[in-house]
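Participant: Just to be clear, the model below is a prediction. Sequence and coordinates:
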Amino acid sequence: MFEQVSRPTWAFAVGIIIAAGVGYWYMASQPGHMMSDTHPIGFADSDEEVHVHSDWVLHIDGITFDLSDDKYQSGNMQVLHEHIHLHDNNDDVIHRHDHGVTLGAFFNSLGFTLTNECVTTDTGEEFCSDDTSELMVFVNDERLDDFKDYVNQEEDKILVYYGGSEDTEKITELLLSVTDKACIYSGTCPERGTPPPESCGITCEI
């Protein structure tokens, strides 16, 4: 036979259920958030929150780098940088979760080094601008000068290129190869589907 529950205990349980329901409603109603199995939909920089996505390609000395390996990815078991990262074995989209985090800081998190003259890979190979080759960064088809300190913006398309500065055909080909997946994570192209789950630790919920 069931034991009768006292009135104070019953009232406390009801209070907990109501509080949980109010909390769920509040989180679901916040701008830029979606209550689902995925983390919140992205949004651009604001005073309160940052959740920025940018497409990019890294091409050095004739090689387009594949950074989808686990060692370049942040997740619940490995956070390479608290506020900027790749994750879920997708190397097409950079995710930034705080103000002022630069492209240089992003490269450092991957074990690379980026200056305005040189890029060094995680294996220690250094590639610097010289008379025959040049390190260049393009954002939305525009070439940047001070790119080490550039802070990626919502739905930027970024190309980091080292190679012949006169090889305009190859540069054009690479610019066209930068994906446009950031809008899916940002929720600005809902016709292409909902944002996929992102497993990058607690920073995905900030």
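Facilitator: Yes, it's here. Numbering: from 1, shown residues only.

Participant: Check residue 24 and give its pLDDT.
Facilitator: pLDDT, residue 24: 36.

Participant: same question, residue 137
Facilitator: What the model reports as pLDDT for residue 137 is 98.

Participant: helices or strands up against the helix or strand hosting it?
Facilitator: Residue 137 belongs to strand 134-139 when assigned by DSSP states H and E. Where contact means 3 or more CB pairs under 8 Å, 6 or more residues apart in numbering; DSSP states H and E, strand 134-139 is packed against strand 142-144, strand 157-163, helix 168-177. All C-beta atoms are positioned from the backbone trio N, CA, C, and that covers glycine.

Participant: how about the helices of this structure, start to end?
Facilitator: 7-29, 103-109, 168-177, 182-186 (DSSP state H).

Participant: what's the least confident stretch among these?
Facilitator: For those, the weakest mean pLDDT is recorded on helix 7-29, namely a mean of 44.

Participant: In contact with the residue lying closest to residue 164 once chain neighbours are set aside, which residues?
Facilitator: Distances taken as CB to CB, 6 or more residues apart in numbering place residue 133 nearest to residue 164, at 6.0 Å, with adjacent residues excluded. With contacts defined as CB atoms under 8 Å, 6 or more residues apart in numbering, the neighbours of residue 133 are 61, 127, 162-165.

Participant: Quick check, pLDDT for residue 133.
Facilitator: We have a pLDDT of 97 for residue 133.

Participant: related to what we said a few turns ago, among the contacts of residue 133, which one sits closest to residue 185?
Facilitator: Distances from residue 185 to the contacts of residue 133, taken as CB to CB, are shortest for residue 162 (27.3 Å).

Participant: Just give the number of residues close to the closest one.
Facilitator: Applying other CB atoms under 10 Å, we find 21 residues neighbouring residue 162.

Participant: Tell me the bridge partners for it.
Facilitator: Note on residue 162: beta-bridge partners residue 60, residue 135, judged by DSSP bridges.

Participant: close enough to count as contact, it and residue 137?
Facilitator: No. Judged on CB atoms under 8 Å, residue 162 makes no contact with residue 137 at a distance of 9.9 Å.

Participant: Now list whatever residues contact both of those two.
Facilitator: Overlap between the contact sets of residue 162 and residue 137, as judged by CB under 8 Å, 6+ apart, is nil.
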